[in-house]
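Chemist: Below are the sequence and a predicted model for it; my questions follow.
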Amino acid sequence: MASLSRHGSRIPNRDRIAIADFAAPSGKPRFHFIDLASGRSTSLLVAHGSGSDPAHTGYLERFSNRFGSNASSEGAFVTDDYYVGKHGRSQRLIGLDPTNDNALDRAIVVHSAWYANKDMIESHGMLGRSQGCFAVGERDLDQVFARLGAGRMIYAAKV
């Protein structure tokens, strides 16, 4: 909530937020969508970057904002426009903090991926890894986009 207040008008839609709790392992729902009016939340699976978990343990070890790091970045993002890219339908993100202000140029986005599907947990005990993007299961993408929309905050941290 402090981050939502700190970024003020840079986040025009303040009714819902998403929090990626990267302290949790990738095999647990850790992408929390919160309706700030009702207090209701929904939690889904989300992958982290391969550069954040080089040994592929399922746990995020470190964040990075560097180009070529393939790591997840920490901090507040504002959701931007949708587009169709190499991972299909995707949503651009703008990093609002010094820890993630390269997100747009690094192409850190929300997209779906086969390696973020629930069956990966059944067969491998964890999700696969992205190149730093918030990758969600293919069946979850419509729900994620409906909850996010443009101009809302995603906050990523390891607490």
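Modeler: That came through, no problem. If you're wondering where the values come from, they're calculated on a predicted model, not measured in any experiment. Numbering: from 1, shown residues only.
Chemist: Check whether S41 really touches I34, as I assumed.
Modeler: Yes: shown here, S41 and I34 form a contact pair, counting by CB atoms under 8 Å, at 4.6 Å. C-betas here are computed from N, CA, C, even on glycine.
Chemist: Of these two, which one has the most company?
Modeler: I34 (17 against 13; other CB atoms under 10 Å).
Chemist: tell me which element that one is part of?
Modeler: Per DSSP states H and E: I34 is located in strand 31-35.
Chemist: Convert whichever helix or strand comes after that strand to CSV, retaining C-alpha atoms only.
Modeler: The first helix or strand that comes after strand 31-35 along the chain, using DSSP H and E, is strand 41-44. Output of strand 41-44 as CSV, limited to C-alpha atoms (Å, rounded to 0.1, in the frame of the first residue of the first chain):
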residue,chain,number,x,y,z
SER,A,41,-8.2,-12.0,-3.2
THR,A,42,-7.4,-14.7,-5.7
SER,A,43,-4.0,-16.4,-5.9
LEU,A,44,-2.5,-18.1,-9.0
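Chemist: Strand partners (parallel or antiparallel) of strand 41-44?
Modeler: Take DSSP bridges as the rule and strand 41-44 pairs in its sheet with strand 31-35 (antiparallel).
Chemist: Show me what counts as buried in the strand it pairs with.
Modeler: Using 16 or more other CB atoms under 10 Å as the test for burial, strand 31-35 gives F31, H32, F33, I34.
Chemist: and what of stretch 126-146?
Modeler: 126-138, 140-141, 144-145.
Chemist: Show only the entries of those found in helices.
Modeler: Among the buried residues of stretch 126-146, the members falling in helices (DSSP state H) are L141, V144, F145.
Chemist: just checking, the last one touches G88?
Modeler: No: contact status for F145 versus G88: not in contact, 11.5 Å apart, counting by CB under 8 Å.
Chemist: what bits of the chain have low per-residue confidence?
Modeler: By pLDDT under 70, the chain contains no weakly predicted segment.
Chemist: One more pass at 90, please.
Modeler: 8, 159 (pLDDT under 90).
Chemist: which residue packs closest to the residue nearest the centre of it, ignoring adjacent ones?
Modeler: In the chain, the centroid-proximal residue (CA atoms, centre = their mean) is F134; its distance is 3.4 Å. Of all residues not flanking F134 in the chain, V110 sits nearest, at 4.7 Å (CB to CB, 6 or more residues apart in numbering).
Chemist: Surely that neighbour is in contact with V136?
Modeler: Yes: with contact defined as CB under 8 Å, V110 and V136 form a contacting pair (7.0 Å).
Chemist: Thank you kindly, that will do.
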